[in-house]
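Student: whatever this is, show me its structure:
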Amino acid sequence: MQHGYGSWGRQQQEESIYKLIPQPAPVVIKPPMHRSKHNPNVPPSCSTIGLKGTSKLTANDSGFDDKGAAAPVKTAATFGREVIGTVDPSTYLKKGAKSQPAAPSEVQPFKRTLVHAPRQGVPKKSEKPVMGLTTEKNFVVANAVENILAVPRRPARETDLATQKRNFAKVPKYLNKIKSDIAREKEYVEQMRQHQHAGENSRMREMTEDEKQEILAGLNAKWHDVHKQFQSLTFSVDSVSKVNRKEALESQLEQLEKAMEKLQKKHIHVYDDTDLW
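Tutor: Numbering: from 1, shown residues only. Okay, here's the model as predicted:
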C-alpha cells in the first residue's frame, strides 16, 4: 500500500470530523445600489456626437446637467432615410429589368488597303511567252534625232570664288573685338604690375658692407659647425638613420656654401620689410 500526499489529500476531502456538524450558510450583505445625483435624461456635457458637417455644439455645451438639449437627429443620420409607406417589398429590381437590347451596329467588312499594287502572278506552266518579236527601229538615227531636237540645258550658276569675295583676306569683326579685349586686359595687368613693382622698388635698398660682413661671419661659423658634425660621422653607413643624417648634413653644407657665394657680389639689394611686421 502506497502512502503519499495525493492519497492523503483525497482522504481529507472525503472524510473529516469537521464535516460532521453542518455549518450555516454565510449571509451576504449587499451594499446599497449606487444612484447618480445627475439627471439621466440630460445629454452629456460638451458632446460632439452628431456634429458632422458643422462645428457648432448643439448639445449641452455649458458644462452643467440642468441646461442644454439633445443633439438633433439629422435626416438619414442613422440607418438611412425613412421609407415606410413609400416602398413596396414586392416591387424589387429584377434581373434584366433595366437592360436594353444593344442596337445593331453597322459592321463594315474588313478591307486591307494596299500600299503598293499587287505583283503579277507567276506564269503557269502551260503559258508560253510571245517569241519572235522584231523591230525595224534604227536606234542610232533615233538617238541622233533626239539629241538634235532636245532643248539645251541651262548652265549651272557658278558660285564666286573665295578670292573674289569682298571680305577675302580680311580679319573678321569678331576677331578684332576679341583682340581689342585681350589688349585691354594685358594693359590693365601691366599697369597693376608696374604699380606693384613701384611699391616694391621703394622698399629696396643696398646692403651695407658691415651687414654683409656680419652675415658672412655667421654663415662661416655655421658652416664650420656643420662641417665638424659631418667629420664626426662614422665611415660605415649601415643603417637608414646614418644615411639620412649624412644626406642632411651634406645638404646644409651645400646651402651654406651657395649663400656665402651670393654674398661675394659687389652690390646686393635687399627688401626692407621692417615696418610690415
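Student: can you classify His205 by secondary structure?
Tutor: Heads up, residue 205 is Arg, not His. strand (DSSP: H, G, I helix; E, B strand; the rest coil).
Student: ok, it to Gln213 distance?
Tutor: 17 Å (C-beta to C-beta, to the nearest Å). Glycine gets a C-beta too; all of them are placed from N, C-alpha and C.
Student: how about Arg81?
Tutor: The value you get for Arg81 to Gln213, if C-beta to C-beta is used, is 120 Å.
Student: then Lys170?
Tutor: Separation of Lys170 from Gln213 (C-beta to C-beta): 67 Å.
Student: over to Ala156?
Tutor: Distance of Ala156 to Gln213, computed by C-beta to C-beta: 92 Å.
Student: quick one, which of those two is more surrounded?
Tutor: Using other C-beta atoms under 10 Å as the criterion, Ala156 and Gln213 rank with Gln213 on top: 11 against 6.
Student: helix or strand: which one has that one?
Tutor: Using DSSP states H and E, Gln213 sits in helix 209-231.
Student: Gly218 - how many residues pack around it?
Tutor: Counted with other C-beta under 10 Å, Gly218 comes out at 11.
Student: got it, and Lys95?
Tutor: Using other C-beta under 10 Å, Lys95 has 6 neighbouring residues.
Student: which strand or helix spans Gln264?
Tutor: Counting by DSSP H and E, Gln264 is found in no helix or strand.
Student: oops, could you answer that again for Arg245 instead?
Tutor: helix 240-262.
Student: and that helix, what's buried?
Tutor: The neighbour-count check on helix 240-262 (16 or more other C-beta atoms under 10 Å) flags 249, 252-253, 256 as buried.
Student: re earlier: which strands or helices does the helix holding Gln213 pack on?
Tutor: helix 240-262 (3 or more C-beta pairs under 8 Å, 6 or more residues apart in numbering; DSSP states H and E).
Student: the inter-axis angle of the helix it packs on versus helix 209-231?
Tutor: 160 degrees (axes from the mean of the first three to the mean of the last three C-alpha atoms, to 10 degrees).
Student: now tell me what touches helix 240-262 from outside.
Tutor: With contacts defined as C-beta atoms under 8 Å, 6 or more residues apart in numbering, helix 240-262 is touched by 216, 219-220, 222-223, 226-227, 229-230, 233-234, 236-237, 268.
Student: now do it, average pLDDT.
Tutor: This predicted structure assigns helix 240-262 an average pLDDT of 89.
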